[in-house]
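J.: Model the following, please.
(chains A, B and C)
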Amino acid sequence: MDYSNFFINRTTPEIARDLLGRTLSYNTGSEILSGIIVEAEAYVGSKDRAAHSYGGHRSPANEGLYGPGGTLYIYAQRQYFFFDVATQEKDIGQGVLIRAIHPLSGINTMIKNRHGKSGVLLTNGPAKLMQAFGITSRKWDCHFIGESPFDIDLSSKKKIKHISAVARVGINQSDPIWAKKPLRFIVSGNPYVSDIKKKDIDPDFGFDKN
DNA sequence: TAAATGATTAGCT
DNA sequence: GCTAATCATTTAC
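T.: Below you'll find the predicted structure:
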C-alpha cells in the first residue's frame, strides 16, 4: 500500500485510528528520529467546527489541508508547530493531527531539542513532538510525505491492546454536537498520551506483547 | 491598520 | 488543578 491509497480510500476517522501503533520517523540528515504514534485526531472538513477548513474556509495558511491524501500540513501557533497529514482527494479539507508519539530512536537528540526535558514530557503533546523533532519552520508544509524527511511505516504496526475514541480537546464548547464527537483516537494506557491519569498507565505501554 | 482568537505549554499553588 | 504567556493568522474597521 502506498501513501495515496492509505490516506484516501477510507473515512478520515478510520485513517486516524489506523495510524495508531505505526512508526513516524524524521530524517534530520545525520540521524533518524522515530516514535510510535499513540494519539491522533481526525478533522473532517467543512462540517467540522473545530477544523481549520470549517465552512470550506481556505487560505494560504491552511492550503496543506486541501492537498491530496498524504500531503503534510504544518501549522504554526504560539511559536509552536503542529503536524498534520491531509486525507481524501485534492481540494477536500480533511486531515489527521498527530498529537503524540512514543519515542523509539534518536531519543538523546530529542531530549537535546527539548532542552533537557525527558520521560513522558518529551513527546506527550503536538507541539512538544515537533520540538523534539527539531521542526522550527513550515518548510515542509504542503509537501507530499514521500518527498519529505518524514516517513510513516505503512507495512507494519504494533498490536494495540485497546484503542479509545474520545472527545477532542480545546475546541469550541458552544457547539456541543461537534465538541463531543469522538474523533480523537488514543492508545489506552500509554503514558505518552496527553491527559492520561497515572493509575491508568499500562506497564506494557498499551501495546500487545510481540 | 488594529484587535481578537486559539488544533497549547509551562509554571506556580 | 489553575492561570499566564505569547504570536501567527484571521477578522473587523
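
J.: Phi first, then psi, for the residue nearest to A:D141 when sequence neighbours are not counted.
T.: Leaving aside its chain neighbours, A:D141 sits nearest to A:I74 (4.1 Å; criterion: C-beta to C-beta, 6 or more residues apart in numbering). Every residue, glycine included, has its C-beta placed from N, CA and C. In terms of degrees, to the nearest 10, the main-chain angles of A:I74 are phi -100, psi 120.

J.: ok now do A:I74, which residues does it touch?
T.: Going by C-beta atoms under 8 Å, 6 or more residues apart in numbering, A:I74 touches A:G64, A:F81, A:F82, A:F83, A:D84, A:I135, A:R138, A:K139, A:W140, A:D141.

J.: same check, this time on A:A165
T.: A:P13, A:R17, A:P182, A:L183, A:R184, A:F185.

J.: how much space between it and DNA strand C?
T.: Per C-beta to the nearest atom of the strand, to the nearest Å, A:A165 is found 22 Å from DNA strand C.

J.: Quickly list what the residue positioned nearest the centre of chain A is bridged to.
T.: The centre of chain A sits closest to A:I98, judged by C-alpha atoms, centre = their mean, with a distance of 0.7 Å. Per DSSP bridges, the residues bridged to A:I98 are A:A40, A:F83.

J.: Which residue comes closest to A:I36 once chain neighbours are left out?
T.: Per C-beta to C-beta, 6+ apart, closest to A:I36 is A:H102, 4.4 Å.

J.: right, and the residue nearest to the centre of chain A touches A:V85 too?
T.: Yes - between A:I98 and A:V85 there is a contact under C-beta atoms under 8 Å: 7.2 Å.

J.: number of nearby residues for A:N27?
T.: 14 (other C-beta atoms under 10 Å).

J.: Does the closest residue to A:L183 other than its chain neighbours lie in a helix or a strand, and which?
T.: Take A:L183 and drop its neighbours on the chain: the residue closest to it by C-beta to C-beta, 6+ apart is A:A42, 4.3 Å away. Using DSSP states H and E, A:A42 maps to strand A:32-44.

J.: Is that strand in proximity to DNA strand B?
T.: Yes - for strand A:32-44, a contact with DNA strand B is found by C-beta under 7 Å from any atom of the strand, at A:E41, A:Y43.

J.: which parts of that strand are buried?
T.: A:L33, A:S34, A:G35, A:I36, A:I37, A:V38, A:E39, A:A40, A:E41, A:A42, A:Y43, A:V44 (16 or more other C-beta atoms under 10 Å).

J.: In a markdown table: those residues, plus pLDDT and distance to A:I152.
T.: Formatted as a markdown table, the buried residues of strand A:32-44 follow (pLDDT from 0 to 100; distance: C-beta to C-beta, whole Å):
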| residue | pLDDT | distance to A:I152 |
| --- | --- | --- |
| A:L33 | 96 | 13 |
| A:S34 | 96 | 10 |
| A:G35 | 96 | 11 |
| A:I36 | 96 | 11 |
| A:I37 | 96 | 8 |
| A:V38 | 95 | 14 |
| A:E39 | 94 | 15 |
| A:A40 | 95 | 11 |
| A:E41 | 93 | 16 |
| A:A42 | 94 | 16 |
| A:Y43 | 92 | 17 |
| A:V44 | 92 | 20 |
